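give me a 3D structure for the following:
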Amino acid sequence: TNHHPPPSLPPTQILMQHPSLYPRGGRGASRAAAPLAAAAAVGAALLLLVAGSSLARTPLSLSRPASFAPSRPTGVRALRSGSVAARATAPAQKLLVFGGSGFVGREVCKRAVERGFKVTSLSRRGENPVPSDPLLSQVNWVKGNALDKTTVQSLVKDSDAVVHTMGLLFDVNSGLKGLNLIVSGSKSTPDDDSTYENITRRTAVNIMEAIKNSRPMFGSKQIPFAFVSAAEAGWPDMRLGPEVEANAPDWLKRYLAAKRSVESMLETNREIVRPIIYRPSLIWNWGKLDVLPVIPIFNLANALGVPFVDKTVRVEALADAIVEGVSEAGVKGVQRFPQIESLAKTAGDKKAASLTS
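You can find the predicted model right below:
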């Protein structure tokens with residue numbers, strides 16, 4: 001079957017109609033805090049440099065049961081991967097979402113409510129971003145600052161699981177903070193405290209400390225702690241990844257350093273939390289006009305086997321994968337785009353089954 005549209009169409013329409021470059025489907029995903037413009041420029045430029053060198057393709061190693069094994073991408077070195085064990089546990093009842101009014105966070109809230117969670121969101125605005133949405137209207141919207149330890153402690157102690165979706169692409173020290181009005185899904189603008197250190201790392205540290213302080217109430221069980229990181233955080237484990245990062249702008253290096261710091265903290269506290277680390281590349285939906293032109297570049301690069309470029313993820317799929325991961329005790333560790341897609345599919349299958357039962 002020829003998927004290419006007639007040549008008379010403008011190039012932008014040709015790209016948007018190509019199914020492999022703009023993946024479609026019932027349930028997909030997107031990340032506002034992903035390396036967008038500058039990172040895309042770095043990736044695209046390096047893609048041009050390496051495209052003619054016939055990069056060898058190395059399959060990604062995934063630890064998953066056969067029934068949930070996704071298609072394996074090429075051109076990516078094997079790295080620590082998340083695992084999905086037998087799905088037997090019931091969803092946690094109380095879910096706390098940090099940054100629930102944001103681009104990713106609101107989708108997580110919607111799907112968590114749909115799955116039967118009692119959802120609380122903490123954000124600076126503390127407002128329902130879409131008051132007309134019947135699912136979001138069931139969320140407890142709390143206004144507060146995740147840098148405030150007292151606020152975080154008061155919410156964590158009454159929660160069964162936490163999701164950290166907070167982040168920003170350009171912090172106040174990047175020299176590009178004004179671009180957040182374009183690339184931020186929630187159209188938020190950084191204040192003086194909006195650094196990668198504060199928004200990404202310190203907020204996560206506050207959550208971890210609150211979980212430790214609440215240990216007597218939680219007992220010996222691991223608290224599911226889902227964190228939205230970035231595909232590029234895995235560059236050190238990818239072929240040519242270190243070289244790409246060495247040539248990246250300073251703000252991107254600091255952005256990734258903060259993500260990796262949180263990942264490391266989660267991994268070293270496995271006796272307390274069940275770390276679920278999501279590493280999506282560009283996160284998008286059809287309303288994210290700022291990233292739509294870049295999506296085909298990333299997807300084509302990944303399809304060609306460029307080792308440091310991951311396939312993009314739609315925001316709906318990422319949210320489905322996050323809620324599915326929090327719900328199932330066997331999901332832990334790093335979840336790259338194949339695992340994200342697989343978890344989202346499982347969530348979709350469960351929803352379809354519930355509608356027909």
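
alpha carbons only for contacts and neighbour counts from here, please
Will do.

mind checking the longest helix of this protein?
For the chain, the helix that runs over the most residues, judged by DSSP state H, is helix 337-356.

quick one: buried residues of that one?
Going by neighbour count (16 or more other C-alpha atoms under 10 Å), the buried part of helix 337-356 is 337-348.

and residue 163, what element?
Residue 163 belongs to strand 161-164 when assigned by DSSP states H and E.

ok now that strand, how far from the chain's centre?
Here the centre of strand 161-164 is set off from its chain's centre by 12 Å, with C-alpha atoms, centre = their mean, to the nearest Å.

skip the chain neighbours and tell me the closest residue to the residue nearest in space to the middle of the chain.
Central residue of the chain (C-alpha atoms, centre = their mean): residue 228, 4.1 Å from the mean position. Nearest-residue entry for residue 228: residue 278, 4.9 Å, with adjacent residues in sequence omitted and distances by C-alpha to C-alpha, 6 or more residues apart in numbering.

got the end-to-end distance for stretch 225-232?
Distance between the boundary residues of stretch 225-232 (C-alpha to C-alpha, to the nearest Å) amounts to 20 Å.

the chain: helices as residue ranges?
Across the chain, reading from the start of the chain, the helices by DSSP H fall at 11-17, 37-50, 103-114, 149-156, 180-183, 196, 203-213, 215-218, 241-246, 250-267, 295-303, 315-327, 337-356.

what angle do the longest one and helix 103-114 make?
Spelled out, it's helix 337-356. Inter-element angle recorded for helix 337-356 and helix 103-114: 30 degrees (by axes from the mean of the first three to the mean of the last three C-alpha atoms, to 10 degrees).

run through the stretch 1-150 of the chain and note the low-pLDDT ranges.
1-92 (pLDDT under 70).

please repeat the previous calculation with a cut-off of 50.
1-17, 19, 24-42, 44-81, 83-89, 91-92 (pLDDT under 50).

burial measure for residue 222, as a count.
Taking other C-alpha atoms under 10 Å as the neighbour definition, residue 222 ends up with a count of 19.

can you tell me how far it sits from residue 215?
Taking C-alpha to C-alpha, one finds residue 222 at 10 Å from residue 215.

got it, and residue 230?
Distance check for residue 230 against residue 215: by C-alpha to C-alpha, it reads 29 Å.

swap in residue 247?
Taking C-alpha to C-alpha as the measure, residue 247 and residue 215 are separated by 43 Å.

most tightly surrounded among the helices of the chain?
Per residue and on average, the most neighbours among the helices of the chain fall to helix 315-327, with a mean of 27 (mean count of other C-alpha atoms under 10 Å).

could you tell me the angle between that one and helix 337-356?
80 degrees.

what's stretch 219-235 in contact with?
34-35, 160-166, 211, 241-242, 244-245, 256-257, 259-260, 263, 266, 270-281, 308-310, 322, 325-326, 336 (C-alpha atoms under 8 Å, 6 or more residues apart in numbering).

now do the buried residues in it.
In terms of neighbour count (16+ other C-alpha under 10 Å), stretch 219-235 has its buried residues at 222-235.

gap between it and the chain center?
Taking C-alpha atoms, centre = their mean, the mean C-alpha location of stretch 219-235 is offset from the chain mean by 10 Å.
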